[in-house]
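Enquirer: My questions are about this predicted structure, shown below with the sequence.
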Amino acid sequence: MTRYLSLIVTACLAAVAGLSFQRVFGLGAVLPVAAVAAAVPTALSALLSGPREDKRPWPLWISLVLTVVAWAGTVTVTVLRPALNAGTLPQALREGVLSSWKSILTTLLPAPAKPELLVLVHVVVWLAAFASAELALRTSLRAVPCLPALAVWAVALPLGVDGPGSNTPLAAATVVLVAVLALVRADGAGRRPLLVGVPAAAVLGGVAFAAGPVVPVGAEPYDPRRQVRAPPPQRHDGVSPLDRVGGWLLNPDQVMFTVRASRNEIVRLAVLDRFDGVSWSSTARFVPTGSRVPRGPRPGREHEVAQRITIRDLPGVWVPAADRPRRVDGLPVVVDPAAGALAATRPLRPGQTYRVESVVPEWTAGDLAAASVATDTEARAARELPWGPGAKEPPLQIAEFRRFAGAATRGAVSPVQKAAMLAEYLKRYARYDVTAAPGHGYRQLDYFLGEGRRGTPEHFATAYALLARTLDLPTRIVVGFDGGKRVGDTVHVRSGDVMVWPEIKFHGLGWIRFNPLPDSARRSKENDAVAVGETEQRLEEAQKSAASQERDPNPRDTTRRSPEKPIPAEDAPTPWWAFAFIAVAMLLTGYVLAALLAPTLRGRRRRTGTPAARITGAWLQALDHLADVGLASARTLTAQEVARFGASNIGDAAGGHLRPLADLVDRARFAATHPDPEAADRAWHHTDELGRLVTARAGRFHRLRRRLHPRSLRDRRDVRPDNGTNHADPADNVAVHP
């Protein structure tokens, strides 16, 4: 019965460990897989352990062969059933066993619950459940069967280090199950230890659950994704959305997509951050994701918005969503973790519907006034002004752009003032004209700023981006949509609602949108158009407030010398005394664990070996018990004198166990015949009963205090016969002659 109870506990341990993959796939996808993978191998091991007459399990090789066959059949009819129906079972099985881990490490979590990825969970939990069951059946050690389940944790935690959710409840449940397993497998455990121990284990699990969130761990745990090379970027749309803007504006009433949401927001389509002198493109490295999009920089304020978007005539693979998306459901997408841009795995089709949840940042005039430009790697790349393909010297237009930008921002004293003043200057400088010839290279923009002075959002945004880069402001452009036509509770976003705007990156705030378009470019003035979003209105008001602040009468460029925010206190180096305290605490904890575990391991070792060695071990264990009631040394005492000491200090009941134990020790030492296993069992019975009497006499606290003394780490050496002589070896520290 103890063995079968142990199997139930080990199956639960394996299942709970398998549920720790919920940070990788989500709890709903992992639950059935972990339950089946934990129950089936455990039941198989239980069946193989029962039918034999000698009550011993079948040979291990038989169990190994049968569990492999059972796993192949189980995973085929459960996890890989879709592949079985599609006729791709061998390929899915091979990918699941060999490369699923790498696919997970190169996917933003939660990973999609694909059958070939869930195979990893199935095989790891199956192996753990099988190994735990076999250890429970073939060993007598209490807690060893829990080790395979801990190995599952060792796999799940690194894979899910960046995933949503928490494994604290599962860790607490594991603590409880490990304690229950030790209680169930305890030697001679009856109903009373279980009745007391199981509630104690539950309390221990509750303490672990409460202490989990406050355990001091590193702020950035090890992430194996840093060691895995990401797959090559997904192929973008063959035609850049920026090149489509002119055509969309000439045919303004074509419905691109529809949006159903509680509030109006600007919708991003594509983020373009690289300029080669002729055209803008994206450097995004899209990676697969189940649904989640990583967080971006956290401003002081933000609000959430949920949008239900249906594709109509929008071409390409770029997926529209408000900035910044957090979760996408209903459409397989890949995501750029840096910009939060979305792309479909296949070209968009009319009728596709998905739901996207976004967190839209908000900024105030105070936030912008204290901002300085970012200086990270992404920002440095966004300042580049390349000469152009094949150019041997910088184009003349760059110098013209630099003079133009300097004149437009004369008197500005901060980067935000420069950005806002440049946008206001362009609004007044040129006219909005959808019939302007498309193009955004150096020559086209030089014509736009010098002679034409009329253009589409493409010209205003790209001109602003290049002018801002001459001011050393990190800039990129974004193609998206603003407004639309409301029909009932749905907004029809049309091709004429397309927008292109520049963004500048500021330290601690991220990318902030600026609007250099004239007010005549807004379709919201038309009767059927949706008004501009509330978030955009507040942002433009904050930028105007920053631009209208008092300017320096002696203008100078302070972009490079803008003060950086002070380093937060939590980023200061850890003082030396903290490391010293941790080291001392670890040493004390290690000593306490060693002092508490040494007697237990020593007693377990003494119970093994030949009958004579077991009897000797029982006697040594009895001497350890008697030390708790004042037996300082047994070097000069005979076994019978030790028995009399126990009777006088503990009671006659102790003498009733020590005297027959002493007789067994003498016979094992000096008798001509070897003792049998029953004699060893009797010796340990007397020793165990003596231990209970000593505990009742001295008290548990006194025995625990003695265990913490350094002398508890010293092991009495085993007694060995010495050529029939009638005395004890002094090195043995114990006498056994009558």
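Expert: Happy to help now that I have it.
Enquirer: Tell me who's in contact with His303.
Expert: By C-beta atoms under 8 Å, 6 or more residues apart in numbering, the contact set of His303 is Val359, Val360, Glu362, Thr535. To be clear about C-beta, it is placed using only N, CA and C from the backbone, and glycine gets the same treatment.
Enquirer: Show the buried residues in these.
Expert: Val359, Val360, Thr535 (16 or more other C-beta atoms under 10 Å).
Enquirer: Name the nearest residue to Met256, sequence neighbours excluded.
Expert: Distances taken as C-beta to C-beta, 6 or more residues apart in numbering put Leu314 closest to Met256, at 4.3 Å, once the chain neighbours are dropped.
Enquirer: Just give me the closest of the contacts of His303 to Thr2.
Expert: Of all the contacts of His303, Val359 has the smallest distance to Thr2: 53.9 Å, by C-beta to C-beta.
Enquirer: pretty sure that closest one belongs to a helix, no?
Expert: No - Val359: not assigned to a helix; according to DSSP: H, G, I helix; E, B strand; the rest coil it is strand.
Enquirer: if I look at it, how far off is Ala379?
Expert: Taking C-beta to C-beta, to the nearest Å as the measure, Val359 falls 22 Å from Ala379.
Enquirer: swap in Ala92?
Expert: Ala92 is 43 Å from Ala379, by C-beta to C-beta.
Enquirer: ok, those two, which is more surrounded?
Expert: Neighbour tally, Ala92 and Ala379, criterion other C-beta atoms under 10 Å: the higher count belongs to Ala92, 23 against 19.
Enquirer: so who does that one touch?
Expert: Applying C-beta under 8 Å, 6+ apart, the residues near Ala92 are Leu80, Ala83, Pro115, Glu116, Val119.
Enquirer: And Gly388, by the same measure?
Expert: Gly388 makes contacts with Asp276, Gly277, Val278, Pro395, Gly441, Tyr442, as judged by C-beta under 8 Å, 6+ apart.
Enquirer: ok, and the most crowded of those?
Expert: Neighbour-wise, the contacts of Gly388 (other C-beta under 10 Å) top out at Tyr442, 23 neighbours.
Enquirer: So it versus Glu400, what's the distance?
Expert: Taken as C-beta to C-beta, the span from Tyr442 to Glu400 is 9 Å.
Enquirer: now swap in Leu48 and tell me
Expert: For Leu48 relative to Glu400 (C-beta to C-beta), the value is 85 Å.
Enquirer: And these two? Which one has more around it.
Expert: Neighbour count, other C-beta under 10 Å: between Leu48 and Glu400, Leu48 has more, with 20 against 16.
Enquirer: From the contact counts, what lies against whichever helix or strand that one is part of?
Expert: Assessed by DSSP states H and E, Leu48 sits inside helix 27-49. Contact analysis of helix 27-49 by 3 or more C-beta pairs under 8 Å, 6 or more residues apart in numbering; DSSP states H and E lists helix 2-19, helix 60-77, helix 115-138 as its packing neighbours.
Enquirer: Show me the domain layout of this structure.
Expert: Domain segmentation of the chain under automatic domain parsing yields 2-227, 242-361, 367-561, 577-732.
Enquirer: In TSV, list these along with mean pLDDT.
Expert: Formatted as TSV, the domains of the chain follow (pLDDT from 0 to 100):
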stretch	mean pLDDT
domain 2-227	81
domain 242-361	89
domain 367-561	84
domain 577-732	75
